[in-house]
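Novice: sharing a model that was predicted from the sequence below.
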Amino acid sequence: MKLVMVFGTFDFVHLGHVNFFNQASRLGDKLTVVVARDSNVKRMKGKKPFFNERERLAMVQTLRVVDQAVLGDSKDFFAAVRKFKPAIIALGYDQKVLFVKHIREKLDELGLQHTKLVRLKPFQPGKFKSSKIKKLLKIN
């Protein structure tokens, strides 16, 4: 079984996220979504998400395309990777190159050299991007 894993905040789940999950699911047999912890979102983005981690997890779990959704670790981004050992980690089109390089290095360090990193295509990023939706709704 080929496990595909994606990571994200997934605040205000929208069609861009659904498209992201659909693209990722087509890469393998099972899709696992790792939802970021509130503390990690605050640290990385400088602000807490609108919906808390349990609410965001519940929203993602309702999507048929998602086989499994879990909360990420509050301290170790790679805890889920070590636990599930995905064949593929699918990344959003807007992931920073240095971040991708760091993931590859860490996967190699963990003995997961065969885990592929795949960058997915954007889906109407001018419309379906969480930051744009929040700005439109005047949230944060």
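Specialist: Now that the structure is in, tell me what you want to look at.

Novice: got the buried residues for the longest helix that the chain contains?
Specialist: For the chain, the longest helix by residue count, based on DSSP state H, is helix 97-109. Residues 103, 104, 107 are the ones in helix 97-109 that count as buried (16 or more other C-beta atoms under 10 Å). Every residue, glycine included, has its C-beta placed from N, CA and C.

Novice: do a quick rundown of the helices in the protein.
Specialist: For the chain, applying DSSP H gives helices covering 15-25, 38-45, 53-61, 79-84, 97-109, 130-137.

Novice: starting at the chain centroid, how far to the longest one?
Specialist: Relative to its chain's centre, helix 97-109 lies at 15 Å (C-alpha atoms, centre = their mean, to the nearest Å).

Novice: who touches that helix?
Specialist: The contact list for helix 97-109 (C-beta atoms under 8 Å, 6 or more residues apart in numbering) reads 78, 81, 89, 91, 113, 115, 117, 119.

Novice: pLDDT at residue 45, what is it?
Specialist: Residue 45 carries a pLDDT value of 82.

Novice: verify the stated contact: it with residue 9.
Specialist: Yes. Between residue 45 and residue 9 a contact is recorded at 7.5 Å, counting by C-beta atoms under 8 Å.

Novice: closest to residue 25 out of the contacts of helix 97-109?
Specialist: Nearest to residue 25 out of these is residue 89 (C-beta to C-beta; 13.5 Å).

Novice: burial check on that closest one, number of neighbours?
Specialist: 23 (other C-beta atoms under 10 Å).

Novice: check the one 3 residues further on too.
Specialist: For residue 92, the number of neighbouring residues by other C-beta under 10 Å comes to 19.

Novice: could you shift the numbering so residue one becomes 829, and keep it that way?
Specialist: Renumbered: residue one is now 829, and that last one reads residue 920.

Novice: so who does it touch?
Specialist: Taking C-beta under 8 Å, 6+ apart, we find residue 920 in contact with 836, 848, 947, 948.

Novice: farthest pair within those residues?
Specialist: By the measure C-beta to C-beta, 836 and 947 form the most distant pair in the contacts of residue 920, at 13.8 Å.
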